[in-house]
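*Asks:* Sharing a model that was predicted from the sequence below.
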Amino acid sequence: MQLDFNRIKNKQRIFIGGNSGTDEILNIISHSLKTLKKPFDVLPNGIGELTDAPIVIFNGMNALNPGTGKAYFHDMKPHIGLFHKIVEPVPDGYTSFEQFINQFEMLANALPKGGTFLYYQSDNVSLMIGKNERLDVRNIEYTKLKNKKSGDTTELVFKSGDVVSLPTKKKGFSGEMAAALNIVSRLSIKEKHFIKSIQNYKPGV
């Protein structure tokens, strides 16, 4: 896995970090942006085709680069980083959970001036990293959406009071949806437009 930074250096770079729930978050964001016709590139695990879109979104890339001893996600130098759930077990190559956590903390500390760090209140590791002050970086805590499971659907309640019912009983889905909302909000998408865009979203299993 080797990412050529020159291919993305002129794009706004967004990283969805963690090792649980990040695929769903990426899928929700992609669905919303496509529906709203906002151009973007997405590179799951750092792999994929690029266009002239001004935004590129990544997830995964947790493995250690043998050349640098650092996780591959450092190579993308994100402007916006979101940490969702960082949990055990750790990927191959790590000797401890603490070593894995340290890679994420290093990335948060390396965000550029004017960058944004979003962290999940319900994840102890993300919360611990997010509580550290960083000069000229916006630290933003997000929480899961209010929700109610009914049969095979989950009702999500947004701040506006709008309710969206989607076909899933998946645990953690309300947090993943909140993460996606917080990312698209950084891209100047209003909550009401996001809500409209996800009406026909099909969650993963």
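*Replies:* Perfect, thanks for sending it. Predicted model, so just to flag it, every value in this text is computed and none were measured. Residues are numbered from 1 along each chain as shown.
*Asks:* hang on, residue 117 in a helix?
*Replies:* No. Membership of residue 117 in a helix is not supported by DSSP: H, G, I helix; E, B strand; the rest coil, which gives strand.
*Asks:* tell me the contacts of it?
*Replies:* Going by CB atoms under 8 Å, 6 or more residues apart in numbering, residue 117 touches 80-83, 108, 111, 130, 134, 137-140. Every C-beta, even on glycine, is put in place using the N, C-alpha and C of the backbone.
*Asks:* one more time with 10 Å
*Replies:* When contacts are counted by CB atoms under 10 Å, 6 or more residues apart in numbering, residue 117 touches 17, 78, 80-83, 107-109, 111, 126, 129-130, 132, 134, 137-141.
*Asks:* Okay, now the unreliable bits of the protein?
*Replies:* 1-3, 205 (pLDDT under 70).
*Asks:* Is it possible to mark the buried ones in the contacts of residue 117?
*Replies:* Among the contacts of residue 117, those classed as buried by 16 or more other CB atoms under 10 Å are 17, 78, 80-83, 107-108, 111, 126, 129-130, 134, 137, 139.
*Asks:* Now intersect these with the helices, please.
*Replies:* 107-108, 126, 129-130 (DSSP state H).
*Asks:* in the protein, which spans are strands?
*Replies:* Ranges of strands within the chain are 12-17, 41-44, 55-59, 80-83, 116-120, 138-142, 146-150, 153-157, 163-166, based on DSSP state E.
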